[in-house]
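**Student:** sequence first, predicted coordinates after that:
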Amino acid sequence: MKANLNDPKKLVGKTLTPNAGIALDYEKSIVNLIAAMARDIKRELVISFTDIEIEDSPEHAMDGLSITPQVRIKLNALLDKWTVKFNDLSKRATKRMMWRTERNADITLGMSLKEISKDLEIDVSKPSPRLKTVIQASTEEAANLIKLIPQKYLADVQGQVMRSITSGNGLQDLVPYLTKQYKGNVNHARLVARDQTRKAYNNIQAAKLQDLGAESFIWVHHASKHPRKLHEDLDGHEFRYDDLPITNERTGDRNIPGVEINCRCTQKPVFNWMK
């Protein structure tokens with residue numbers, strides 16, 4: 001329903017907006033490791049192809065008997081190496097992102113409540129079971145997405161390696177592919193980092209607000225070049241946390257703002273303490 005901001009029984013706080021800098025730092029840590037992995041993979045593959053001069057021996061390249069086992073062994077070793085590194089990053093970077101996001105949620109929630117009354121204070125000394133569950137789930141989801149990066153990257157690279165061997169074009173096809181693959185993975189990592197940070201922030205805020213007694217929120221649409229019509233229609237409407245709106249027409253999913261992929265919508269808390 002459309003929020004009635006003039007209702008004296010409704011206390012509406014300031015819009016809750018995540019800190020973009022937290023997402024950028026999280027993104028940077030992931031992108032830097034992807035860059036290191038891409039350089040390592042390219043270097044090792046160039047060495048493998050150059051060693052047997054596959055590009056100069058097309059008749060040898062067609063059967064791929066010499067290079068295929070060698071490359072497979074090397075790719076498996078690279079997968080093991082970078083899986084360990086990304087597993088480590090997923091724990092460190094995600095833990096830091098979540099800690100900063102929770103602190104930012106406390107600060108912005110406090111500012112939002114000041115919009116209602118300068119005397120309102122929030123106690124964050126003891127996280128509720130609800131909040132702990134949200135933080136744990138958000139941490140696991142974000143970390144798991146980072147862990148999957150080397151598996152997906154190496155699987156795609158292996159497919160192209162085999163095609164390059166079969167075609168006899170070797171590095172002529174492989175090097176441009178590796179450059180394109182790197183750029184694609186960087187763009188995907190940036191999307192994941194930003195989405196997971198926004199999602200964590202909004203889910204944490206929803207948990208904190210419900211712990212404080214808020215039963216509903218006002219949807220605030222974020223203007224963009226390619227806005228979702230459905231999210232535009234939700235703008236300014238009030239929704240209950242136990243009766244969320246449909247946010248994806250294709251899947252029928254119901255969510256709070258900022259949870260759908262690439263959604264930058266936000267929320268205003270609504271309190272009915274005076275009812």
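**Tutor:** Now that the structure is in, tell me what you want to look at. Owing to the predicted nature of the structure, the values given are computational and were not obtained by experimental measurement.
**Student:** so what's Asn185 up against?
**Tutor:** Ile34, Ala38, Ile149, Lys152, Tyr153 (CB atoms under 8 Å, 6 or more residues apart in numbering). Quick note: C-beta positions are derived from backbone N, CA and C, even for glycine.
**Student:** nope, Ser216 is what I was after
**Tutor:** Counting by CB under 8 Å, 6+ apart, Ser216 makes contact with Glu238, Phe239, Arg240, Tyr241, Val270, Asn272.
**Student:** and what of Val71?
**Tutor:** Residues near Val71 by CB under 8 Å, 6+ apart: Leu45, Ser48, Gln158, Val161, Ile165.
**Student:** secondary structure element holding it?
**Tutor:** Here Val71, judged by DSSP states H and E, is contained in helix 67-116.
**Student:** quick one: the next helix or strand after that helix to chain centroid distance?
**Tutor:** On the C-terminal side of helix 67-116, the nearest following helix or strand under DSSP H and E is helix 129-147. Centre-to-centre, helix 129-147 and its host chain are 12 Å apart (CA atoms, centre = their mean, to the nearest Å).
**Student:** CA atoms of the next helix or strand after helix 129-147 as PDB?
**Tutor:** As assigned by DSSP H and E, the chain's next helix or strand after helix 129-147 is helix 149-167. Extracted in PDB, the C-alpha atoms of helix 149-167 (Å, rounded to 0.1, in the frame of the first residue of the first chain):
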ATOM      1  CA  ILE A 149      35.700 -18.400  -9.400                       C
ATOM      2  CA  PRO A 150      38.800 -20.500 -10.100                       C
ATOM      3  CA  GLN A 151      36.700 -23.600 -10.900                       C
ATOM      4  CA  LYS A 152      34.600 -21.700 -13.500                       C
ATOM      5  CA  TYR A 153      37.700 -19.900 -14.900                       C
ATOM      6  CA  LEU A 154      39.800 -23.000 -15.400                       C
ATOM      7  CA  ALA A 155      36.900 -25.000 -16.800                       C
ATOM      8  CA  ASP A 156      36.300 -22.400 -19.500                       C
ATOM      9  CA  VAL A 157      40.000 -22.100 -20.200                       C
ATOM     10  CA  GLN A 158      40.400 -25.900 -20.500                       C
ATOM     11  CA  GLY A 159      37.700 -26.000 -23.100                       C
ATOM     12  CA  GLN A 160      39.400 -23.300 -25.200                       C
ATOM     13  CA  VAL A 161      42.800 -25.000 -24.800                       C
ATOM     14  CA  MET A 162      41.400 -28.200 -26.300                       C
ATOM     15  CA  ARG A 163      39.700 -26.300 -29.100                       C
ATOM     16  CA  SER A 164      43.000 -24.500 -29.800                       C
ATOM     17  CA  ILE A 165      44.900 -27.800 -30.000                       C
ATOM     18  CA  THR A 166      42.300 -29.400 -32.300                       C
ATOM     19  CA  SER A 167      42.200 -26.500 -34.700                       C
END
